[in-house]
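Asks: Give the three-dimensional model of this entry:
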Amino acid sequence: MAHDSNQDSGGGATKGCFGECFYGAATVGDRGQVVIPAEARHKLGIAPGDKLLIMRHPELQGVMMFKLDSLQGFMDEFMRRLAMISTEEAEENP
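Replies: Take a look at the predicted model:
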């Protein structure tokens with residue numbers, strides 16, 4: 001099996017992605033609040049009042065956050081492409 005020089009030694013995300021995706025650490029306050037680092041807010045376009053979807057990671061002991069409007073746009077495009085593939089499949093196999 002060829003080794004991709006962009007993969008980290010743990011076989012996970014590429015080094016470039018890790019460097020670009022890591023924004024530091026945050027501390028959970030007494031009321032459960034977490035401050036999203038300013039660099040992350042800026043690069044992701046997160047502003048006060050934005051809705052975030054919070055999900056538990058399926059395997060790791062952690063959470064993931066997504067801007068609700070960004071995730072909605074992704075899901076709309078995903079469903080559009082899925083419908084297109086389903087239509088093509090139905091036309092090929094009547």
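
Asks: For my notes, confirm Met65 occurs in a strand.
Replies: Yes: read with DSSP: H, G, I helix; E, B strand; the rest coil, Met65 is one of the residues of a strand.

Asks: quick one: contacts for the spatially most central residue of the chain?
Replies: Residue closest to the mean C-alpha point of the chain, counted by C-alpha atoms, centre = their mean, is Phe66 at 6.3 Å. If you count contacts by C-beta atoms under 8 Å, 6 or more residues apart in numbering, Phe66 has them with Leu52, Leu53, Met55. The C-beta positions use only the backbone N, C-alpha and C, and glycine is treated the same way.

Asks: change it to 6 Å
Replies: By C-beta atoms under 6 Å, 6 or more residues apart in numbering, the contact set of Phe66 is Leu53.

Asks: what does the helix ranked longest in the chain rub up against?
Replies: Under DSSP state H, the helix in the chain containing the largest number of residues is helix 68-92. Contact with helix 68-92 is made by Lys51, Leu53, as judged by C-beta under 6 Å, 6+ apart.

Asks: Tell me where the model's unsure across the chain.
Replies: Counting by pLDDT under 70, the chain shows low-confidence ranges at 1-17.

Asks: ok, now with 50
Replies: The model of the chain has pLDDT under 50 over residues 1-14.

Asks: Count the neighbours of Ala38 for me.
Replies: Around Ala38 sit 11 other residues, with neighbours defined as other C-beta atoms under 10 Å.

Asks: cool, Leu82 as well?
Replies: 10.

Asks: how close does it get to Leu68?
Replies: When C-beta to C-beta, to the nearest Å is applied, the distance between Leu82 and Leu68 equals 21 Å.
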